[in-house]
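J.: A predicted structure for the sequence below; I have some questions about it.
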Amino acid sequence: MCADKEAFPEGKRGLDDMSNKELENLIVDDKHGIIYCYIPKAKLKHYTKFLFVRDPFVRLISAYREKFLMDNKNFYQNFGQKILRLYGNQPAPQLAEEAFSSGIRPSFYNFIQYLVDPRTEMKEPFQEHWRQMHRLCHPCLIKYDFVGHQETLQEDAEHILKTLMLEDNIKFPPPSENMTSSTSVLDWFKAVPLEDRRKLYKIYEKDFKLFGYKKPSELLDG
């Protein structure tokens, strides 16, 4: 995938050409020599580098649930209000508290409309909670030692920590009980028209292919 220069034009660049802003998702642990998806460019080869990925559509559902179904004032003011105004066909109160008390929130379909609207990316890059994973972590430019999956978090985390001989120092928390499951994806997308599902897949297609997630044909073939 990374050798496909047409699909990944950034593959022609080097890390030295990238701004610090583009690398802000790299978290550096100098003590243990570990990078968690993230970093000062010249140090990379001296660190063990890893990231955890998630089914792209499940990740979007999780982002929607956390940022728009819960009373998140910041996300309402910065995103929810705009989404309601553009796609919700209902009033978008100025005050987040008023919206929450009235039960006014963007629907999941409104959120998808926002993502597939070309104007969204034209104005500014996706917010990090729904920005494509390959754009957050640059797997075609950074040679990661480990790529873990949210679906097998405990097993993958234990393997990484054991390999790094850190299993006695660091413990990964257990998965959240309300974690969005792949089996519920169909239910979430029932209200999303087929055309928009296909547009959404094109936006996240590189994440599906790079990180080994099967194309969700049951959502895209009608």
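T.: Ah, there it is.
J.: and residue 215, how many neighbours does it have?
T.: The number of residues packed near residue 215 is 12, by other CB atoms under 10 Å. Every residue, glycine included, has its C-beta placed from N, CA and C.
J.: show me where this structure dips below the pLDDT cut-off.
T.: 5-13, 15, 38-42, 44-46, 175-183, 222 (pLDDT under 70).
J.: if we go to 50?
T.: Within the chain, the segments meeting pLDDT under 50 span 38-42.
J.: which parts of it are helices?
T.: Secondary structure of the chain (DSSP state H): helices at 56-64, 73-75, 81-83, 96-101, 108-116, 118-123, 133-137, 153-163, 185-188, 194-210, 217-220.
J.: now for these, which one comes closest to residue 143?
T.: With CB to CB as the measure, helix 133-137 is the member of those nearest residue 143 (11.7 Å).
J.: which other residues reach that closest one?
T.: With contacts defined as CB atoms under 8 Å, 6 or more residues apart in numbering, helix 133-137 is touched by 25-26, 37-38, 51, 53-54, 56, 59, 125-126, 128, 140, 144, 206-207, 210-211.
J.: what distance do you get for the most centrally placed residue in the chain to residue 56?
T.: The centroid of the chain falls nearest to residue 130 when counting by CA atoms, centre = their mean (4.4 Å). Plainly put, residue 130 is 9 Å away from residue 56 if you go by CB to CB, to the nearest Å.
J.: next: residue 188.
T.: Counting by CB to CB - residue 188 and residue 56 are separated by 13 Å.
J.: what's the distance between stretch 70-82 and the middle of its chain?
T.: 18 Å (CA atoms, centre = their mean, to the nearest Å).
J.: if you count neighbours, what's buried in it?
T.: Residues of stretch 70-82 classed as buried: 72, 75, 76, 79, 80, 81, 82 (neighbour count, 16 or more other CB atoms under 10 Å).
J.: those: which two are farthest apart?
T.: Across the buried residues of stretch 70-82 (CB to CB), the longest gap, 14.2 Å, separates 72 and 82.
J.: hmm, back to that, ok, the residue nearest to the centre of the chain - contacts?
T.: Counted by CB under 8 Å, 6+ apart, residue 130 has contacts 59, 60, 63, 115.
J.: what about the third one, neighbour count?
T.: Read it as residue 63. 17.
J.: the second one now?
T.: Applying other CB under 10 Å, we find 24 residues neighbouring residue 60.
J.: ok, back up a step: of all the helices of the chain, which lies closest to residue 32?
T.: Nearest of the helices of the chain (CB to CB): helix 153-163, 10.3 Å.
J.: just put the helices of the chain in TSV and tack on distance to residue 18.
T.: Below are the helices of the chain laid out as TSV (distance: least, CB to CB, whole Å):
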stretch	distance to residue 18
helix 56-64	23
helix 73-75	28
helix 81-83	29
helix 96-101	35
helix 108-116	24
helix 118-123	19
helix 133-137	12
helix 153-163	25
helix 185-188	33
helix 194-210	18
helix 217-220	33
